[in-house]
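1. Sequence first, predicted coordinates after that:
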Amino acid sequence: EGAFGWRGLLYYKWAMQDFWPGVMGVLREIKEIIPQGAISEQQRAYLVNAKRQIIEMVRDNNQHISKVLDVYDDSFSELIASNSPATFRAFLLSASPMFLDLGEKLGAISHIASFWRHRFPQGQPVLIDAEELSIIFQDFTSGFAERVRAQAAPIPQPKFVQV
């Protein structure tokens, strides 16, 4: 199970390096998009807030992913530099849950980038009304359900620190 999680983390590390530059371009477009046609004050307020939430959630998830991948890098470096397998063994034993967590976070980010690029190809005019843009943003924010639940919860969720 640990070897499977390890291979998964290696894949996610590669995938992150591969698609992250495209994500940054999509986030810039999300920040700058202006819907066509009439827009109510309620829609305007929602879109401004949703843009901020999407950008923050992608940023926060990226930071979490980077920290988990740093755990891998540190444990592998320890294995190589010190010829000490203890740290890497501990990593392998915890790799499967990390693999699942990273998969959810990367999946949400990847969905945003791929759907946005499908709906708004580069070099094409961006034509969308406020209602459709709101629906797209609702879809994007729902991919980060953990944070949405945490924000709505009356009691803060406990924080776990991985060592």
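-> Structure's in. What do you need? Residues are numbered from 1 along each chain as shown.
2. who's in contact with Ala108?
-> Ala108 sits next to 57, 61, 143-144 when contact means C-beta atoms under 8 Å, 6 or more residues apart in numbering. All C-beta atoms are positioned from the backbone trio N, CA, C, and that covers glycine.
3. from these, which two are the most distant?
-> Greatest spatial distance in the contacts of Ala108: Asn61 and Gly143, 9.4 Å, computed using C-beta to C-beta.
4. next one: the helix or strand harbouring Lys67 to chain centre, how far?
-> Using DSSP states H and E, Lys67 sits within helix 41-82. The chain centre lies 6 Å from the centre of helix 41-82; the measure is C-alpha atoms, centre = their mean, to the nearest Å.
5. by contact count, what packs against it?
-> Secondary-structure packing of helix 41-82 (3 or more C-beta pairs under 8 Å, 6 or more residues apart in numbering; DSSP states H and E): helix 2-32, helix 85-119, helix 130-142.
6. could you redo the last one with a cut-off of 10 Å?
-> Applying 3 or more C-beta pairs under 10 Å, 6 or more residues apart in numbering; DSSP states H and E, we find helix 41-82 packed against helix 2-32, helix 85-119, helix 130-142, helix 145-152.
7. Would you tell me which of those helices gets closest to Ser77?
-> Ser77 sits nearest to helix 85-119 of all those, at 9.0 Å, using C-beta to C-beta.
8. Run the chain-centre distance for the closest one.
-> 9 Å.
9. Just the buried positions in it, please.
-> Of the residues in helix 85-119, 87-88, 91-92, 94-96, 98-99, 102, 105-106, 108-110, 112-113, 116 count as buried by neighbour count, 16 or more other C-beta atoms under 10 Å.
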